[in-house]
Every structure is written in C-alpha cells, then in structure tokens.
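Colleague: predicted model and sequence follow; I will ask about them next.
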Amino acid sequence: MNTIAVVGAGIVGLAVARSLAERGHRVQLYDPGPPGEGTSFGNAGLIANYATSPMASIDTLRQLPGELCRRDASLSVDPRYLARLAGFGPRFLKAATPSRFARHKSDLVALIQDAVKAQHALLESLEAPDLYADTGCLQLARQGDPLAATLEASARAKRADGVACEALTAQEVRDLEPAIHPADLVGGLYFPETRHLKDSLAVSRALWKRLEGQGVVQHGLRIKRLVPHATGGWRLIGENGENGESAEYQADQVVLCAGIANDALLKSLGVSMPVVSERGYHVRLETPLALSRPVGWLARHFYATPMQGGVRLAGTTEFTAPDRAADERRWERLKGWGEALFGQPLSLAERWMGVRHSTPDGLPVVGQVTGREGLFVAYGHGHLGLTQSAHTGELIAAMIHGETLPDYVASLSPARF
Ligand SMILES: Cc1cc2nc3c(=O)[nH]c(=O)nc-3n(C[C@H](O)[C@H](O)[C@H](O)COP(=O)(O)OP(=O)(O)OC[C@H]3O[C@@H](n4cnc5c(N)ncnc54)[C@H](O)[C@@H]3O)c2cc1C
C-alpha cells in the first residue's frame, strides 16, 4: 500500500484525500490549520453547473477597459502585481482568441458535466442533506447590464451547452424571489438544477470527519520544501503550525493542493506555472432576508447566497499579491450593491477575503509535474474549485492508477504551459 501525501486541506485536498483513501492508499494530509479554513471557507457555495464559459474571451476583453475604469470597480489589477502577471497576461489574451476560446469552452463543458455529477455524489455521500439545497439559482439582469440585452440568446446558449436554463421577465424573477427590488430589474436567467451549499465550512468539516474515520491522518505542518529521493518517493520538510518546529516526513507520492502556495513549493523545484492570485471577498449580512436560492449580479461579479447564519454576498475579482492587506472598500461595495439589489439598508455580520488560484485558460492544473515522478498538482481552479473538487480527486486517483482518462484531461496537464 502506497503512502500518499496530500499538501493542503482545503476542499480540493480533502476531496483528493477521499478518492485516494477509497482506493486503499495510506493518505497523510498536511496543513498548518484546520481543514477547510482557507479559500474554501468563504466561497459563494455554488455547485456551478452553469459555468461553461472560460473567462478569457472576446466579450471579457471588450468589457475590460470599462470594468477597470469604474469608480466602484468589481474587477481590479494591482499595478504592483503586474510583474507576476507577466506569464499570465499574454496567455490570457491568447486564450481569448476565438479558436482557443472554442477549444477551452468545449473542454470546460465536458469537465463541468463530470464535475457536477461527482460533487453531487460527494455531498450525498456525507448523508447530511441539510448542508445543501437544490433550489436552483438566478442571474439577474438590471438596466445597463450586458446580460439585459441578451437574455433569450444567453438562455439558448446555456441550453446548447447542456445546462437547463430559462430566461425570465422581471415579474417572473420576483415571483421566485420577492426580496429582489423591482427598480432597474429587467429579468434574469434561471438555472433550476443548480445546487448550493448552506455552509461551506460545515461541508469541509463533515468530509474531514469521514476521512478521519477512514484512517486519514493530518499533520499540522506548513510544508516548506519537497526533496525527491534518489530511489523514488519524496521527503516533505515542514514547520509545525503551532510551535514552529521543523519536521520531516516521507511519501511515495505527493499531491500539491495548497492553492496559491503551490507556486512557492514548485518554484523550489525549479517549476513555474502561470497561476495567479485572484482574490475575492464576502460579507455576511446581519439583516435577515427571505432568499430561497443564490442570486447573481454578474455585472458586479458577485452572488447573494442564502446560508446558515445569513445571506452571504460573495465575489469580486482583484488580481493582487495573496498576502497584501484586504481592500476594505470592497466590503463596502458589496454592501452597497446588496442594498441596490434588495432595496433596503443592510448591516454586516462578517467580512472575509480569500485567494483564488487562477489560470489564463480557465481550466485547472491537474496532473503529474513534468519530469517529477510521483509529484502531482491540483490547483488553478479559479472560480470553480468547490464545483470541481470531487472530480479533481477522481482524476488524480485515476492518474495514479494509470487508468484511461477523459480526452479533456490533456488540457488540464501542467505540461500545457
Ligand atoms: C469570493 C469567492 C467565491 C467563490 N465562489 C465559488 C463558488 O460559488 N463555487 C465554486 O465552485 N468555487 C467558488 N470559489 C472558488 C473556491 O472557493 C476555490 O476554488 C476553492 O475553495 C479552492 O480550494 P483549495 O482547496 O484549492 O484551496 P484552499 O481552500 O485555500 O486550501 C488550501 C489549503 O492549503 C493550505 N496550505 C497553504 N500552504 C501550505 C503549505 N505550505 N503546506 C501545507 N498546507 C498549506 C492552506 O492552509 C489551506 O487550508 C470562490 C472563491 C472566492 C474567493
């Protein structure tokens, strides 16, 4: 029985550990903190079956200058981060060309279909149906939003991708969600089959509890360095999250699921990937709102998701260094946009910021690192790491077992960069 080290206990690392433990491997999980408290803590909770279009597209490029110039921008690029974006930017532009976009989109459509099935199965395996809801989701179109002019066509395009979707009038939106204020509302897209989590952290915790029961062990270590053994396998050198003492472990194979922190671990091995930090924010509302399903306002890049403890407004996009202090104005913007959507003053119970790890082509990086036998990466999931986590685990396990993989897996390989 192989020992496999999984570095990072976010939703991706936990799902990878689950797939490997189910195959009978001895799995050791490394994370200085408790499972699920990184980026996986604060997402919008959507199992995003509708997310069939990569961000790099001609449409995005057309909208970009206007987006960046808005005073209350939801999307921003920190000039101090431009050097780090040097490997990402040109690839993003290339990925937006029609032929590349079409290829990435067809990969993403197939990937998302598999991912959603796997994620639903993972959630159902936890036998805790109160952790999620199958109430669908809405994407709103308000006056001036690009979606307002294309509602019917956008619904048709989603259906062509195999996603159940209906274009709704403003009245139909309000029939579903009376809490949405009618001012400026043009209509929306309704995705009846979207599932959402009611508590992202509770899902990670429930999954971790299962894993502990299957004999998976967590070491509270921040891994600093990986060293290949001459005879095969890896040494993991880390620092205890509590007392700072260093420690070393061994494994036959390693899967890096430490989010953006994978970059430093890979760099120490001379490997670099154009995966960048795209931060997002959330606020949890203290003000009670009667909302039955997530409601997205994509022109402002956020969702309002009903969760245990209140409605969470989660989203926005900020390309900047992962460790820079949070931009507090973003919480205020989320609050202001929430007030516009719900037509009432809102007060906040929680403010949070986390780091997405994003690739230029909108596809994650899942596979063995070229030339590094037994070293796998699973990151770069961008806006879709929750949705894709269970399937990422299945793919990593299938790769380790040398099984036949879906065609699109070639597009996820670290070697594509
Ligand atoms: C605002 C926002 C909204 C989002 N909404 C959605 C959504 O609705 N649907 C969706 O599918 N996705 C969504 N996402 C994306 C999703 O949350 C992420 O893709 C996902 O959580 C990434 O999980 P992860 O396990 O890779 O990373 P993380 O949860 O960050 O886990 C990485 C773990 O690695 C650990 N770590 C770091 N360095 C080391 C080290 N050196 N050694 C050991 N451990 C280490 C960290 O402590 C952490 O626990 C959203 C993201 C944001 C920011």
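Modeller: Yep, it's here. Numbering: from 1, shown residues only.

Colleague: what is the neighbour count of the nearest residue to Thr370 once chain neighbours are set aside?
Modeller: Nearest residue to Thr370, sequence neighbours excluded (Cβ to Cβ, 6 or more residues apart in numbering): Ala415, at 4.8 Å. (C-beta placed from N, C-alpha, C; glycine too.) Ala415 has 11 neighbours, counted by other Cβ atoms under 10 Å.

Colleague: how about Val271?
Modeller: 18.

Colleague: give the contact list for it.
Modeller: Residues near Val271 by Cβ atoms under 8 Å, 6 or more residues apart in numbering: 369-370, 372, 414.

Colleague: still on that earlier bit, check the secondary structure at the residue nearest to Thr370 for me.
Modeller: Three-state assignment for Ala415 (DSSP: H, G, I helix; E, B strand; the rest coil): helix.

Colleague: what's the spacing between it and Arg103?
Modeller: According to Cβ to Cβ, to the nearest Å, Ala415 stands 16 Å off from Arg103.

Colleague: in terms of helices and strands, where is the residue of the stretch 301-417 of the chain found nearest the ligand?
Modeller: As assessed by Cβ to the nearest ligand atom, the ligand sits closest to Gly385 within the stretch 301-417 of the chain, at 1.9 Å. In this assignment (DSSP states H and E), Gly385 forms part of helix 385-400.

Colleague: domain assignment for this protein?
Modeller: For the chain, the structural domains run 3-40+201-272+362-416, 45-198+275-358, going by automatic domain parsing.

Colleague: ends of the first one, what's the gap?
Modeller: Using Cα to Cα, to the nearest Å, one end of domain 3-40+201-272+362-416 lies 28 Å from the other.

Colleague: how far is that domain from where the chain is centred?
Modeller: Here domain 3-40+201-272+362-416 is found 15 Å from its chain centre; the criterion is Cα atoms, centre = their mean, to the nearest Å.

Colleague: and stretch 50-58, by the same measure?
Modeller: How far stretch 50-58 lies from its chain's middle: 14 Å, per Cα atoms, centre = their mean.

Colleague: so for it, what's the average pLDDT?
Modeller: Mean pLDDT, stretch 50-58: 95.

Colleague: can you check stretch 385-397 too?
Modeller: pLDDT averaged over stretch 385-397 gives 98.

Colleague: try stretch 310-324
Modeller: On average, stretch 310-324 scores 97.

Colleague: pull out the buried residues from it.
Modeller: The neighbour-count check on stretch 310-324 (16 or more other Cβ atoms under 10 Å) flags 310-320, 322 as buried.

Colleague: wait, which of these is closest to Gly244?
Modeller: For these, the minimum distance to Gly244 (Cβ to Cβ) is 21.0 Å, reached by Pro322.

Colleague: can you give the contact residues for stretch 181-192?
Modeller: By Cβ under 8 Å, 6+ apart, the list of residues contacting stretch 181-192 from outside reads 49-50, 136-145, 147-148, 151, 154-155, 158, 163-170, 172-174, 176, 340-344.

Colleague: just the buried residues from these, in ChimeraX please.
Modeller: Remark: buried members of those, expressed as a ChimeraX selection using 16+ other Cβ under 10 Å:
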select :49,50,136,137,138,139,140,141,142,145,147,148,151,154,155,158,163,165,166,167,168,170,173,174,176,341,342
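
Colleague: that older thread, among the contacts of Val271, the buried ones, what's the PyMOL command?
Modeller: Selecting only the buried entries of these in PyMOL, with 16+ other Cβ under 10 Å as the criterion:
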select buried, resi 369+372+414
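
Colleague: and the contacts of Val271, which two are furthest apart?
Modeller: Largest separation among the contacts of Val271 by Cβ to Cβ: Arg372 and Pro414, giving 9.2 Å.

Colleague: next up, the contacts around the residue in the stretch 1-150 of the chain positioned nearest to the ligand.
Modeller: Proximity of the stretch 1-150 of the chain to the ligand (Cβ to the nearest ligand atom) peaks at Gly10, 2.1 Å away. Each residue near Gly10 by Cβ under 8 Å, 6+ apart is listed here: 35-36, 38-40, 204, 257, 259, 385.

Colleague: buried ones among those?
Modeller: Using 16+ other Cβ under 10 Å as the burial test, the contacts of Gly10 include 35-36, 38-40, 204, 257, 259, 385 as buried.

Colleague: so of these, which ones are in strands?
Modeller: With strands taken from DSSP state E, there is no overlap with the buried ones among the contacts of Gly10.
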